[in-house]
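J.: Provided below for reference: sequence and predicted model.
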Amino acid sequence: MQPFAAHIHLYRKLDVRPRPWGQEGLHRLVSNKLGLMLLNSAHGPSYPSESYEFFSTSLLFRYKNHKWLVATIEDIMNPKRRTALIDRLANGIGYISTDFEKFGGFFVQAIIELPLDHRGVNLLGYPVAGVVDTTSADGKVVVEYSDRKDYFGGDMDKARGDLAHALAGAPNAEKVFLLSGQRSKPQATQEFVREALALPEMQGRSLHLWGAVEIATQLVDHLIVSDAVVRKLAPYLPELERIRQEEAASRAVPEPEDTWLQRPDVDSEIVDRLSRSSVVALSGVGGLGKTAMARAFAHVHQSDYHVRIWLDGDEVRRVEDLQALPLLRAGESRNIVGLMQTLPCLLVIDDAPVDMDLRRLEKICGAGSHIILTQRSTSSTSYSLPMLDRPQSQALLAQAGAPCPDEVFDTIWATIHGHPLSLSLILAAVNQGASWQDIVQDCKAIGEMATGGRRLTDILLERLRPSLVRELSVFAWSRLSVCDEDFLSFAIKPLGIRKLKANSLTAPDRDRAIRLHDVVHAALDESWCTSERSAELDRLLEDYIIEASGGEGLDLWRNARILLPKLEALVGQGDAPPSFLFALLTTWDALETKPDLVGEPLDAVKGMAGRKAKPLEINAVIEAIEQLFLYDKERHDPAAQDRLRARLVAFDEMLLLPELTIKETAELLHHKGKALKRLNERQAAAELFEQVLAGPFPLHEARLQLVDIYRGNQEKEARATQLVNEMLGPGAETDGLTYSVLLGVIERLPSGSGEWRSSLIDRHAASIENTIVSAANAGAKHAFDAFASLGRYISIERPGMFQSIFNGLPDVELDSIQSDRERAARAEIYSEAARLSPGVAIKLREKALAHYRAIVKPMTFHHQRHAELLIDMERPDEAEVILRELTPLDNEWLERLMARSRLAQGDAVGAKDWIERALCKLRAERFRSEFLELRFDIRRALLDDDAIDDLKAALEASQKHAERSRLELKLQIARKTGASKGPS
């Protein structure tokens, strides 16, 4: 048996599955060439590249003592470090509690890598009684989870019951997993497994009984390297994300290419310069190897730094931008500036702006921290990178399959000297089949041209055309130097991406983007993408958008954002498939919309008459109607509603199209309802939403819209309650129930009448908390809006619930927040949290104040809440300035705040005038108690003997349980002390 075959045989016999390793991690230990050499030694020199593609991304090998071994984290991590990580994770697993089943489902899915059916828990986290928790599609794997504290205690009755339940529910199971969130007891566990495997019904089956330590071991050894797995598990086990960040910090720096040559002279010069200044700028023309040298330096000197960080110049246009790049360290969200001042860090800013202030960069470097910039322009303070010397150039070309003759090298050296990119392209051309004599002819054609000109790149790329035209055609087609990896994989497959990288054509980039060297991209002309290939890529883009539209939307948005100029150009040419316009409409912000590209939706509907709609054609019209309305609304166009009303007929005409699916019919009715709601025809809208829910394809979005319409309407209170229960209750149908819908429901709950909202929040407290925390940690920014809205109510009525949600939210640096909406939401959350935490109230209010001041385009409501915060901070004079100068002071809430401000400044008479105006305007009865209580305080300050009447009225009007209790106590004190004693 061949060595490799023997290894695979042993591998299967041990029942160990291949572990998923990213290719970058693989290449850190085993180079491409070594991997091919090992595979070829097992299967001969013609081992297929497609198979190597599989193995290079699935298995990690090392050769030791003439035996094939699988290398995992165990092989490369310090044993003490590994033990400490396992212990940290095991502790965290023990605190997952009620979410353990959801956590376990994601964990098992990652471990087993088979299609699994998780029936034991629904989207809201409620257990589903009477079913096996998890089974594989073929029924051969079954899993049961438990968060019972006594799982490993006594006779382990819970484990015995779980085993029996698993076997009864999955009679064909071959592997049984029992997972507990508690630490196992080794002796008891071994005895249980021994007895269980001896049972007749366990014959031919395996049993895996894992407690917190065993689960943590699997995470550390096999899963922590997977960003995708960590993202799914981190909301339940935050420590996992912290550890991954600690372990993965170095991976932010791209490793040197296989063809990288050490340049000790340049390395020594950089070291010397860093000894005199903490910042060094590497400069020079394109293709000189600045990026490669920065990568190489970070690799060679990695032991000198605790953290290595790689940023693109587009991310850091000025020094202040570094504040907007937080990293998790030691369990806290810290920005790069703070990190560099507390730990020895190496920060590389690739292709940095020419006007970057080096002196300011020096100030952010703590002891042992350094910054390396790569820049194209040369300054008096930068280090102009030298070209490769003659021996280095010869060494680079020596990597070619055929040796470079001396006379050929002389010609190359005389033509391009030591220009690294040109030499790399020559190397790639030779490795792709060009002869050295071909290269000589290319050099003669170049003549006296100096280093790295475009003509040289043209000629060298021409040598690579036969093998790379398909890959480079994508960039010529898009006319962009960058492409998202997701679409690029779809168009040229992962093998094509590797070919681009292997031939030195790409520059380092992040966030799933593949970027060509600017010099290479500049050399691509129309000949690199024929009309036939362009049409093929158009079709591939259409297929990709249709496929991505069925997902959660992030992939579609990210790709459409990168390809925005190309999509706009394609739509602008006319006769583009509807999917292109759909991608634009779902990517543009409202004011980015280009009406000339969107066209008139009614004309599009006329073109659809009498035929089956094309993929996403109906969706494109729906999105066009909505986006054009939002565009008009953002521009304060008075004709916005008239145009929307005129386009209503489009929905009716599309409902008459042949071969509509039940989903398309439901979406058309739903979006017509949304349009009617925007036109304030709420009854007609409600009828359409109810029609959707009564039909064969009910949409949760329709339920959300109905809750919005029905809340506050006593006649519809029962129906509104039913709708909320259908989305938040234990029996909720979770198919199609997204975070945006759940958060929308939660955001609307506080706006209902007192008893309605109180009973619903009480009933669904667990799912509300779970949804907000999970959504926030998953990156759903709307989670903060929902919590801000809810928080104003529960911070008073359910402070424990508020604190629990607040503690579960991810903390980020203010400068990393990109939208005013999130800044405002977080400001409100910090303001409410300050009321509940006297010990840190000053700190929390200062954070809230900073968030309010950071809002770029504040609205009146933001000014209102900002002023209220200043009053709470005992700065009423500043609050009054905001109210008088930045708000119209034309509603009851603003007038109430003016009353508070005047009272706090000792002007009770003026305060009474303001509160009287406010009470005259108040219409929302659920808030009357707050206004009456404030008038009591004002009248008490005026020594009004009848002030207590307002306190009694406030108590009678109150619709909040906790507020009533507080008012009752306040009333008792007022009766004892007398209302004329001054404010309490």
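T.: Nice, I can see it. The structure presented is a predicted model; accordingly, all values stated were derived computationally and were not measured.
J.: So for stretch 943-960, what gets flagged as buried?
T.: Within stretch 943-960, the residues that count as buried by 16 or more other CB atoms under 10 Å are 944, 947-948, 950-951, 953-955, 957-960. Every residue, glycine included, has its C-beta placed from N, CA and C.
J.: Tell me the pLDDT of Tyr852.
T.: With respect to pLDDT, Tyr852 has a value of 94.
J.: Please settle this for me: is it part of a strand?
T.: No: according to DSSP: H, G, I helix; E, B strand; the rest coil, the state of Tyr852 is helix, so it is not within a strand.
J.: which residues does it contact?
T.: By CB atoms under 8 Å, 6 or more residues apart in numbering, the residues touching Tyr852 are 823-824, 827, 858, 862, 865-866, 869.
J.: Repeat that for Leu505.
T.: If you count contacts by CB under 8 Å, 6+ apart, Leu505 has them with 428, 468, 472, 516-517, 520.
J.: With respect to Ser380, which of the residues you listed is nearest?
T.: Distance to Ser380 across the contacts of Leu505 (CB to CB) is lowest for His517, with 26.9 Å.
J.: Hmm, Leu288 and the closest one touching each other?
T.: No: in this structure, His517 is not within contact of Leu288 by CB atoms under 8 Å, at 11.1 Å.
J.: if we can go back for a sec, mind listing which of the buried residues of stretch 943-960 are in helices?
T.: Applying DSSP state H to those, the entries found in helices are 948, 950-951, 953-955, 957.
J.: Mind putting those into JSON lines with distance to Lys663?
T.: Output for these, formatted as JSON lines (distance: CB to CB, whole Å):
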{"residue": "Ile948", "distance to Lys663": "61"}
{"residue": "Asp950", "distance to Lys663": "55"}
{"residue": "Leu951", "distance to Lys663": "56"}
{"residue": "Ala953", "distance to Lys663": "53"}
{"residue": "Ala954", "distance to Lys663": "51"}
{"residue": "Leu955", "distance to Lys663": "52"}
{"residue": "Ala957", "distance to Lys663": "47"}
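J.: ok, the residues you listed vs Leu361, which is closest?
T.: Ala954 (57.5 Å).
J.: mind listing what the closest one touches?
T.: 928-930, 932-933, 936, 967.
J.: so what pLDDT did it get?
T.: pLDDT, Ala954: 94.
J.: what do you get for Gln691?
T.: 96.
J.: Same check on Phe192?
T.: In this model, Phe192 is scored at 92, pLDDT.
J.: In space, what's closest to it - neighbours in sequence excluded?
T.: Met156 (5.3 Å; CB to CB, 6 or more residues apart in numbering).
J.: again with Asn503
T.: Take Asn503 and drop its neighbours on the chain: the residue closest to it by CB to CB, 6+ apart is Ala428, 4.1 Å away.
J.: list the helices and strands the helix ranked longest in the chain packs on?
T.: Scanning the chain for the helix with the most residues, using DSSP H, yields helix 454-478. The contact analysis (3 or more CB pairs under 8 Å, 6 or more residues apart in numbering; DSSP states H and E) places helix 454-478 against helix 420-431, helix 436-446, helix 485-502, helix 518-522, helix 531-548.
J.: And the strands in the stretch 101-250 of the chain?
T.: Under the criterion DSSP state E, counting those that start in this stretch, the stretch 101-250 of the chain contains strands at 116-118, 134-136, 141-146, 175-180, 206-210.
J.: now the stretch 851-984 of the chain
T.: Under DSSP E, counting those that start in this stretch, the stretch 851-984 of the chain gives no strands.
J.: what about the helices in it?
T.: For the stretch 851-984 of the chain, the helices defined by DSSP state H, counting those that start in this stretch cover 860-872, 876-886, 892-904, 908-921, 928-941, 948-957, 961-977.
J.: what's the answer for the stretch 151-300 of the chain, then?
T.: With helices called from DSSP H, counting those that start in this stretch, the stretch 151-300 of the chain shows them at 157-169, 186-197, 212-218, 227-233, 238-248, 264-276, 290-300.
J.: For the fourth one, buried residues please.
T.: What that stands for is helix 227-233. 229-233.
J.: Kindly provide the distance from Ala776 to Ser740.
T.: Distance of Ala776 to Ser740, given as CB to CB, to the nearest Å: 13 Å.
J.: one step back: with neighbour count and distance to Glu717 as added columns, please give the contacts of Tyr852 in TSV.
T.: Converted to TSV, the contacts of Tyr852 look like this (neighbours: other CB atoms under 10 Å; distance: CB to CB, whole Å):
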residue	neighbour count	distance to Glu717
Arg823	22	35
Ala824	24	30
Ala827	27	32
Pro858	19	35
His862	22	31
Arg865	21	29
His866	25	34
Leu869	24	33
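J.: what residues are up against Leu693?
T.: Leu693 touches 699, 702-703, 706, counting by CB under 8 Å, 6+ apart.
J.: scratch that, Pro577 is what I was asking about
T.: Applying CB under 8 Å, 6+ apart to Pro577 gives the contacts 542, 614-616.
J.: could you check the distance from Asp937 over to Ala110?
T.: 57 Å.
J.: do Ile662 as well
T.: Going from Ile662 to Ala110 by CB to CB gives 35 Å.
J.: Over to Glu623?
T.: 35 Å.
J.: same check, this time on Thr721
T.: Going from Thr721 to Ala110 by CB to CB gives 39 Å.
J.: Farthest from the middle of the chain: give me that residue.
T.: Of all residues in the chain, Asp945 has its C-alpha farthest from the mean position, at 58.9 Å, by CA atoms, centre = their mean.
J.: what sits up against stretch 384-402?
T.: Applying CB under 8 Å, 6+ apart, the external contacts of stretch 384-402 come out as 259, 261, 263, 265-266, 282-284, 288-290, 293, 378, 404, 409, 412-413, 417-420, 423-424, 426-427, 430-431, 435-436, 451.
J.: ok, back up a step: now list the buried members of the contacts of Pro577.
T.: Among these, the ones that count as buried by 16+ other CB under 10 Å are 542, 615-616.
J.: From those, pick the one nearest Ala685.
T.: Leu616 (24.9 Å).
J.: Buried among the contacts of stretch 384-402? Need that as a selection in PyMOL.
T.: To isolate the buried members of the contacts of stretch 384-402 in PyMOL, using 16+ other CB under 10 Å:
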select buried, resi 259+261+263+266+282+283+284+288+289+290+293+404+409+412+413+417+418+419+420+423+424+426+427+430+431+436+451
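J.: Would you enumerate the residues in contact with Leu728?
T.: With contact set as CB under 8 Å, 6+ apart, Leu728 has these partners: 124, 742, 745, 760, 763-764, 767-768, 771.
J.: Which one (most neighbours) among those residues?
T.: Leu742 (29 neighbours; other CB atoms under 10 Å).
J.: before we move on, back to that, give the burial count for the residue nearest to Asn503, as a bare number.
T.: Ala428, neighbours per other CB under 10 Å, totals 23.
J.: roughly how far apart are the closest residue to Arg939 other than its chain neighbours and Arg975?
T.: What sits nearest to Arg939 in space, not counting adjacent residues and going by CB to CB, 6+ apart, is Ala947, at 3.6 Å. Between Ala947 and Arg975 the distance is 12 Å, computed by CB to CB.
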